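Asker: Here is a sequence with its predicted model. Questions after.
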Amino acid sequence: MIEDEEDLLLQTPERLYERFRLDVRVNEEVVAVDGHAHQVSVRSTIDGSETIIPYDKLVLSPGAVSIRPPIPGFERVRGLRTVEDAERLARDVTGAPTTAVVIGGGFIGLETAENLSRNGIAVTVVEAAEQLLTPLDPELSILVAAELIAHGVAVETGVAVSEVTASGVVLADGRTLPAELVIGSIGVRPDVRLAEMAGLALGPNGGIAVDEANRTSDHDIYAVGDAVEKSDWVGGGTSLIALANVANRQGRRVADHICGLPVHWAPSFGTAIVKVFGLTAALTGWNEKRLRGVGRRYRVVRSHPLSHADYYPGAQPMSIKLLFDPDDGTILGAQAVGGEGVDKRIDILATAMAGGIHAESLADLELAYAPPFSSAKDPVNMLGYMAENIRSGECDVVEPDEIDDLVASGWSVLDVRSPPEYARGSIPGSVNAPLDTLREDLPQLGSGPFVIYCEVGQRGHTATTLLHELGIEARNLDGGYRTWVAADAARRGEASRLVETI
Ligand SMILES: Cc1cc2nc3c(=O)[nH]c(=O)nc-3n(C[C@H](O)[C@H](O)[C@H](O)COP(=O)(O)OP(=O)(O)OC[C@H]3O[C@@H](n4cnc5c(N)ncnc54)[C@H](O)[C@@H]3O)c2cc1C
């Protein structure tokens with residue numbers, strides 16, 4: 001996408017010297033750290049000569065190293081870690097290969113798949129987990145898989161690569177995919193070689209352990225970026241978050257501390273975003289899987305709003321999910337997938353989390369509105385109203401995976417959309433009872449209790465409230481039929497079913 005390779009280089013040693021008088025050395029590698037003597041040994045990667053540099057304070061920012069698993073033939077797999085890797089890859093794909101496999105369906109793997117595909121290469125993404133983009137929950141991640149498939153990228157999830165041959169990639173289920181080019185993008189681990197050499201303490205996840213000022217166990221040595229463990233805002237404790245925003249903030253914090261300025265504790269949320277063809281996927285905080293994994297209580301609200309008022313041209317759909325603590329309303333995480341406006345909503349939610357704004361208070365956020373940009377009730381405000389409904393007990397919701405149990409215990413499922421919508425597809429076993437004639441139809445529908453659903457949840461909410469007023473037990477399906485379809489496709493691993501609907 002970037003025409004001029006030079007644009008990728010944000011700084012040069014010369015410019016940093018001219019402006020800041022910084023002594024920046026490239027092609028030199030720190031090969032030893034002596035914390036007692038306060039010095040580092042530096043070796044030239046050009047002629048092998050070694051020099052010693054003394055320090056008062058040392059900052060380690062060595063980043064991460066790509067994970068390279070012990071798979072036969074993996075030496076043929078190319079990484080994408082440095083600007084040079086990207087330049088080489090861009091040069092090599094021009095005209096030559098026609099097939100490629102990207103191993104790993106994370107952020108970088110998907111960006112790579114998109115760009116290889118834009119070069120006319122037949123690409124398959126192979127991901128060992130059951131879904132792409134594991135920081136997302138399955139019903140949102142499946143939308144990204146569908147977008148890839150819609151653009152001709154093949155997606156293989158739930159299957160690992162067992163061997164890389166000269167002409168292809170062998171999967172654990174025995175199939176072989178042709179691949180002139182194989183890109184490995186299966187994650188990184190902190191580069192702690194220098195830290196180990198200096199005898200610094202590591203954290204529980206294998207990164208360098210640091211305090212709130214990013215000091216290591218040797219207080220004259222600081223560490224920042226991908227190499228260190230970050231305080232985790234949601235769970236307490238620490239986690240590994242390899243993101244540029246976090247690394248930059250830590251850099252500022254360390255500089256302040258070395259210069260004697262006060263620093264404050266700044267935990268991380270893991271706010272991240274990726275573009276995959278026409279879709280944007282973004283998230284902040286923890287997802288449902290992770291909250292469930294530690295036994296943390298949470299509630300969910302989902303919505304499928306438009307990026308701006310639907311009567312103004314160009315509005316694009318998105319799916320948003322908010323996770324919050326049912327007891328005090330603390331926001332625990334949010335995810336969104338869709339077109340324009342996904343970035344704005346996740347950034348608002350990340351800001352709300354950092355500011356300690358609780359889920360129901362999102363309804364009170366006064367956000368900029370005019371029809372080309374939003375709706376008078378922004379999607380973020382709507383999440384607040386929905387959370388408030390749950391927290392106040394006003395109108396509870398049902399999650400897609402709870403329907404079967406409710407039906408088994410005697411609940412009926414009512415689809416309150418119009419007959420044409422119902423005819424296009426519905427939840428098996430549901431009965432069509434359009435919202436506008438629900439009062440009249442009720443005598444034929446039985447006495448409940450009812451699971452109610454509509455397309456995205458809004459008419460379902462009205463129907464549920466109406467039934468409550470008539471003394472009938474009912475719960476609305478969170479996120480409506482659109483969420484149910486995505487959750488069902490994710491459960492069955494059938495992303496291609498969604499290609500028509502995204
Ligand atoms: C392809 C790609 C795309 C990415 N896209 C995004 C994105 O869109 N958004 C986002 O938030 N993050 C993104 N990231 C992650 C982001 O780049 C990192 O989080 C960030 O660069 C971390 O900064 P750092 O200083 O810790 O490490 P790095 O930027 O990796 O810098 C570490 C440097 O230290 C050097 N080094 C290591 N050991 C030594 C040694 N002994 N002596 C001398 N030098 C040494 C390394 O060669 C390297 O140049 C991306 C990463 C990759 C690889």
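Answerer: Looks like it came in fine.
Asker: For the stretch 101-250 of the chain, which residues are neighbours of the ligand?
Answerer: Applying CB under 6 Å from any ligand atom, we find that the stretch 101-250 of the chain lies next to the ligand at 108, 191, 194, 225-227, 242-245, 247. Glycine gets a C-beta too; all of them are placed from N, C-alpha and C.
Asker: can those go into a markdown table with extra columns for pLDDT?
Answerer: As requested, these are exported to a markdown table (pLDDT from 0 to 100):
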| residue | pLDDT |
| --- | --- |
| Ile108 | 96 |
| Asp191 | 98 |
| Leu194 | 96 |
| Gly225 | 97 |
| Asp226 | 98 |
| Ala227 | 98 |
| Ala242 | 95 |
| Leu243 | 96 |
| Ala244 | 96 |
| Asn245 | 95 |
| Ala247 | 96 |
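Asker: Restrict these to the buried ones and give me that as a PyMOL selection.
Answerer: Under the burial definition 16 or more other CB atoms under 10 Å, those of these that qualify are selected in PyMOL by:
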select buried, resi 108+191+194+225+226+227+242+243+247
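Asker: Grab the nearest non-local neighbour of Ala209.
Answerer: Taking CB to CB, 6 or more residues apart in numbering, and ignoring the residues beside it in sequence, Ala209 has Gly203 as its nearest neighbour in space, at 4.1 Å.
Asker: Get me the contact residues on this structure for the ligand.
Answerer: 29-30, 61-63, 80-81, 108, 191, 194, 225-227, 242-245, 247.
Asker: Restricted to strands, list these.
Answerer: Within the residues of the chain next to the ligand, residues falling in strands by DSSP state E are 29-30.
Asker: doesn't Ile348 make contact with Val380?
Answerer: Yes: counting by CB atoms under 8 Å, Val380 does reach Ile348; the two are 5.0 Å apart.
Asker: which one of the two has more residues nearby?
Answerer: When neighbours are counted by other CB atoms under 10 Å, Val380 and Ile348 differ, and Val380 comes out ahead with 24 against 21.
Asker: which residues touch the helix or strand encompassing that one?
Answerer: Per DSSP states H and E: Val380 is located in helix 379-391. Contacts made with helix 379-391 from outside it, assessed by CB atoms under 8 Å, 6 or more residues apart in numbering, are listed as 299, 301, 303, 305, 318, 320, 322, 324, 326, 329, 334, 341, 345, 348-349, 352, 359-365, 367, 377, 394-397, 457, 461.
Asker: picking that back up, need the overlap of contacts for Val380 and Ile348.
Answerer: Looking at what touches both Val380 and Ile348 (by CB under 8 Å, 6+ apart), the common residues are 365, 367.
Asker: that older thread, I'd like the next helix or strand past the helix holding Val380.
Answerer: Secondary structure here is assigned by DSSP H and E; on that basis, the next helix or strand after helix 379-391 toward the C-terminus is strand 397-398.
Asker: right, and the helix or strand after that following strand?
Answerer: Moving toward the C-terminus from strand 397-398, the next helix or strand (DSSP H and E) is helix 403-408.
Asker: Name the nearest residue to Gly329, sequence neighbours excluded.
Answerer: Across the structure, with CB to CB, 6+ apart as the measure, the residue nearest Gly329 apart from its sequence neighbours is His358 (3.4 Å).
Asker: now Val438: how far from the ligand?
Answerer: No Val there; residue 438 is Leu. Counting by CB to the nearest ligand atom, to the nearest Å, the gap from Leu438 to the ligand is 47 Å.
Asker: ah, wrong one, I meant Asp347
Answerer: According to CB to the nearest ligand atom, Asp347 and the ligand sit 13 Å apart.
Asker: Grab the nearest non-local neighbour of that residue.
Answerer: Thr271 (7.6 Å).
Asker: can you map out the strands along the stretch 201-350 of the chain?
Answerer: Counting by DSSP state E, counting those that start in this stretch, the stretch 201-350 of the chain has strands at residues 221-223, 230-231, 238-239, 272-276, 279-285, 299-303, 318-324, 331-338.
Asker: Paired strands for the fifth one, with orientation please.
Answerer: Listed by DSSP bridges, the sheet partners of strand 279-285 and their directions read strand 272-276 (antiparallel), strand 331-338 (antiparallel).
Asker: repeat for the second one
Answerer: With DSSP bridges as the criterion, the sheet partners recorded for strand 230-231 are strand 238-239 (antiparallel).
Asker: Contacts for the strand it pairs with next, please.
Answerer: Contacts made with strand 238-239 from outside it, assessed by CB under 8 Å, 6+ apart, are listed as 203-205, 207, 209, 229-232, 268, 270.
Asker: ok, back up a step: and the strands paired with strand 279-285, which is most packed in?
Answerer: strand 331-338 (a mean of 27; mean count of other CB atoms under 10 Å).
Asker: ok, back up a step: can you add mean pLDDT and give the strands of the stretch 201-350 of the chain back as TSV?
Answerer: Converted to TSV, the strands of the stretch 201-350 of the chain look like this (pLDDT from 0 to 100):
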stretch	mean pLDDT
strand 221-223	98
strand 230-231	96
strand 238-239	94
strand 272-276	98
strand 279-285	98
strand 299-303	96
strand 318-324	98
strand 331-338	98
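Asker: Which single helix of the protein contains the most residues?
Answerer: Using DSSP state H, we find that the single longest helix of the chain is helix 244-258.
Asker: got the angle between it and strand 272-276?
Answerer: 150 degrees (axes from the mean of the first three to the mean of the last three CA atoms, to 10 degrees).
Asker: Residue of the chain closest to the ligand, please.
Answerer: Here the chain gets closest to the ligand at one residue, Gly225, 2.0 Å apart by CB to the nearest ligand atom.
Asker: Quick check: that residue touching Gln250?
Answerer: Yes: the criterion here is CB under 8 Å, and Gly225 meets it with Gln250 at 6.4 Å.
Asker: Counting by contacts, list what the helix or strand of the chain with the lowest mean pLDDT packs against.
Answerer: Evaluated with mean pLDDT, DSSP states H and E, the helix-and-strand set of the chain has its lowest mean pLDDT in helix 83-93, which scores a mean of 88. Helices and strands touching helix 83-93, as assessed by 3 or more CB pairs under 8 Å, 6 or more residues apart in numbering; DSSP states H and E, comprise strand 181-184.
Asker: contacts for the strand it packs on?
Answerer: Defining contact as CB under 8 Å, 6+ apart, one finds that strand 181-184 is touched by 66, 68, 74, 76-80, 89, 92-93, 97, 99-104, 109, 112, 116, 121, 164, 169.
Asker: Recalculate using a threshold of 6 Å.
Answerer: By CB atoms under 6 Å, 6 or more residues apart in numbering, the list of residues contacting strand 181-184 from outside reads 77-79, 97, 100-103, 112, 164.
Asker: circling back to that earlier point, could you tell me how many residues sit around the residue nearest to Gly329?
Answerer: His358 is flanked by 18 other residues according to other CB under 10 Å.
Asker: Fine by me, thanks again.
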